[in-house]
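Student: Structure, please.
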Amino acid sequence: MADARRSVPSLDALLRSEPGRRAAASLGRPLLKRCVAVTLGEVRTAAAGGTEPPSADDILARACQRASRIASGVTPVINATGVILHTNLGRAPLPAEAARAAARAAAAYADLEVDRETGKRGKRGGRAEELLIALTGAEDALVVNNCAAALMLALAALAKRREVLVSRGELIEIGGEFRIPDIMGASGAKLVEVGTTNRTRIGDYRAAASERTGAILKVHPSNYRVVGFTAEASAKDLAALADKRGVPFLYDVGSGLLAHAHGMPPDEPSVADALADGAGLVLCSGDKLLGGPQAGIVVGRANLVDRLRRHPVARAVRIDAMQVAALESVLSMYATGRDDGIPVHRMLRETADSVHHRAQALCEEIGGDLEGAHVHKCHSVVGGGSTPGASLPSYGIRVTVADPAGFAARLRVGTPSVFCRVEDDAVLLDLRTVVPTEEPHLARALLYALEGDDLVED
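Tutor: Numbers count the residues shown, from 1 in each chain. Next up, the predicted model:
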């Protein structure tokens with residue numbers, strides 16, 4: 001029997017063909033060549049298993065689709081999942097003015113690291129750090145690329161080759177399989193596990209402390225929750241023990257909640273509370289409940305922040321111009337009492353009745369063409385490693401179709417791209433995470449995705 005792989009065209013033949021030359025002109029030959037090679041590899045593997053190879057035109061079409069997805073770059077999507085801080089969709093969407101600030105910083109030279117009055121070199125992120133000091137009351141502040149970088153820098157600067165005490169219940173894993181023990185190992189600090197997974201008391205820390213102890217670390221378990229027979233040492237007790245031992249107390253609060261306010265999750269630790277409890281350094285993310293760009297934020301005692309700022313790793317994890325500009329803009333909104341304009345805060349604070357009203361209006365708009373759609377009560381979540389287990393009452397549009405997974409896939413690859421939930425053999429679009437100005441585009445996307453699918457009566 002002839003080997004089916006012999007009928008698969010060569011890479012060179014596909015690129016030399018007239019359709020291949022046209023595709024190379026629009027997509028770029030290096031990218032197209034790469035995508036054709038990958039597609040041919042898949043086709044040959046399938047052929048080896050007995051699958052009949054597609055035609056040369058089909059192979060080239062697949063490669064062009066792959067190349068187009070890459071060439072299109074990061075694409076805005078409509079988030080109808082109900083997950084407010086959706087890590088895979090970029091976590092916190094920026095306020096419009098913060099996005100404009102980032103664009104201005106990227107489109108021209110900017111005073112990123114220069115003092116305009118003296119003409120001398122300034123401090124990168126200095127304005128954002130001054131705003132953080134003003135907003136939190138901390139002695140000093142530092143901003144870096146993300147919270148994991150902030151933690152690694154803090155451990156490297158303050159506890160390299162020394163022991164760091166951490167509760168076993170706080171050895172978390174964050175997205176992408178990054179774990180606290182791995183970050184600690186990369187920093188050069190030595191992990192000392194304290195207590196048990198569900199119960200860790202202040203006495204466990206006292207028993208583990210020695211002359212080799214370099215710091216005490218508390219990590220808020222922001223993407224899971226231990227419930228039942230549990231106990232944990234308070235931040236105040238840990239701060240007192242750290243002061244008695246003469247070592248820093250570091251508190252990674254995770255989500256970037258500066259202070260508790262209307263609509264903010266009540267169980268999430270805030271930066272203000274951590275500082276009031278005596279933490280020497282408080283670390284958090286910029287792109288979660290703060291509602292800003294990706295950033296790692298460190299606030300606390302000036303002598304500790306200065307040691308981080310002077311450490312060689314600080315340059316490796318520094319923030320860039322666009323991040324700085326966006327962060328400055330978001331912090332200015334806090335400082336002037338305009339944080340209601342931050343999209344994440346709008347989503348958290350919107351009442352269920354308001355979401356219900358929007359869902360009804362949208363459903364009425366598309367009802368004539370989409371009879372299988374109706375308003376459905378559901379629950380949104382904060383997501384992004386914040387307030388695990390907590391949910392917000394919400395409403396969405398439930399569409400019952402013959403192939404929910406296929407319908408959701410067409411929504412994802414359409415224009416605009418829409419991400420939703422598939423549950424109970426139906427598609428659910430939660431309106432809490434849909435910006436009101438996106439609703440007409442969502443209606444259009446739903447109608448386009450309906451082509452080729454059959455509705456199912458409830």
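Student: so where is the chain shaky, pLDDT-wise?
Tutor: Scanning the chain for pLDDT under 70 picks out 1-5, 174-178, 222-228, 368-371, 384-389, 452-458.
Student: Break it down into its structural domains.
Tutor: When the chain is parsed with automatic domain parsing, its domains come out as 4-71, 77-88+346-450, 94-341.
Student: any idea how far residue 203 lies from residue 233?
Tutor: To residue 233, residue 203 is 9 Å away according to C-beta to C-beta, to the nearest Å. Heads up, the C-betas are built off the backbone N, CA and C, glycines and all.
Student: ok, the two, which is more surrounded?
Tutor: Counted by other C-beta atoms under 10 Å, residue 203 and residue 233 do not tie: residue 233 has more neighbours, with 20 against 13.
Student: Run through the residues that contact the more buried one.
Tutor: Residue 233 makes contact with 167, 200, 201, 202, 204, 205, 218, according to C-beta atoms under 8 Å, 6 or more residues apart in numbering.
Student: Narrow those residues to those in helices?
Tutor: 202, 204, 205 (DSSP state H).
Student: For those residues, which single residue is the most surrounded?
Tutor: residue 205 (24 neighbours).
Student: Tell me who's in contact with that one.
Tutor: 165, 194, 195, 216, 233, 238, 241.
Student: rerun that using 7 Å as the cut-off
Tutor: 165, 194, 216, 233, 238, 241 (C-beta atoms under 7 Å, 6 or more residues apart in numbering).
Student: Pull the most distant pair out of these.
Tutor: 194 and 241 (11.1 Å; C-beta to C-beta).
Student: who has more neighbours, the two?
Tutor: residue 194 (25 against 20).
Student: Phi, psi for that one please.
Tutor: phi -120, psi 140 (degrees, to the nearest 10).
Student: before we move on, what about the one 3 residues further on?
Tutor: Recorded main-chain torsions at residue 197 are phi -60, psi -40, according to degrees, to the nearest 10.
Student: wouldn't it be in contact with residue 171 here?
Tutor: No: Residue 197 is beyond contact range of residue 171, at 8.8 Å (criterion: C-beta atoms under 7 Å).
Student: Those two - which one has more neighbours?
Tutor: Neighbours per residue (other C-beta under 10 Å) separate residue 197 from residue 171, with residue 171 holding more: 16 against 13.
Student: Am I right that the more buried one is in contact with residue 183?
Tutor: No: applying C-beta under 7 Å, one finds residue 171 not in contact with residue 183, separated by 10.5 Å.
Student: Who are the contact partners of residue 296?
Tutor: 143, 144, 145, 146, 147, 149, 150, 283, 285.
Student: Please work out how many residues are found near the closest residue to residue 410 other than its chain neighbours.
Tutor: Residue nearest to residue 410 in three dimensions, not counting chain neighbours: residue 449, with 4.2 Å by C-beta to C-beta, 6 or more residues apart in numbering. Residues lying near residue 449 (other C-beta under 10 Å) number 24.
Student: measure residue 449 to residue 230 for me?
Tutor: 45 Å.
Student: Please apply the same query to residue 131.
Tutor: Taken as C-beta to C-beta, the span from residue 131 to residue 230 is 37 Å.
Student: If you count surrounding residues, which of those two has more?
Tutor: Neighbours of residue 131 and residue 230, each counted by other C-beta under 10 Å, are more numerous for residue 131; the result is 19 against 13.
Student: Okay, and the more buried one sits in which element?
Tutor: Element membership for residue 131 (DSSP states H and E) is helix 126-136.
Student: same question, residue 123
Tutor: With DSSP H and E as criterion, residue 123 is part of no helix or strand.
Student: what do you get for residue 427?
Tutor: Short version: residue 427 belongs to strand 426-430, going by DSSP H and E.
Student: I'd like the next helix or strand past that strand.
Tutor: Note on strand 426-430: by DSSP H and E, the next helix or strand toward the C-terminus is helix 439-450.
Student: what angle sits between that following helix and strand 426-430?
Tutor: Relative orientation of helix 439-450 and strand 426-430, computed by axes from the mean of the first three to the mean of the last three C-alpha atoms, to 10 degrees: 170 degrees.
Student: what residues does helix 439-450 touch?
Tutor: By C-beta under 7 Å, 6+ apart, helix 439-450 touches 78, 80, 358, 362, 365-366, 369-370, 407, 410-411, 414, 416, 418, 429, 434.
Student: would you put the C-alpha positions of it in PDB?
Tutor: Provided in PDB are the C-alpha atoms of helix 439-450 (Å, rounded to 0.1, in the frame of the first residue of the first chain):
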ATOM      1  CA  GLU A 439     -24.200  45.600  23.800                       C
ATOM      2  CA  PRO A 440     -25.100  46.400  20.200                       C
ATOM      3  CA  HIS A 441     -21.900  44.600  19.000                       C
ATOM      4  CA  LEU A 442     -22.900  41.600  21.200                       C
ATOM      5  CA  ALA A 443     -26.300  41.500  19.600                       C
ATOM      6  CA  ARG A 444     -24.800  41.500  16.200                       C
ATOM      7  CA  ALA A 445     -22.300  38.700  17.100                       C
ATOM      8  CA  LEU A 446     -25.100  36.600  18.500                       C
ATOM      9  CA  LEU A 447     -27.100  36.800  15.300                       C
ATOM     10  CA  TYR A 448     -24.000  36.000  13.100                       C
ATOM     11  CA  ALA A 449     -23.200  33.000  15.300                       C
ATOM     12  CA  LEU A 450     -26.700  31.700  15.000                       C
END
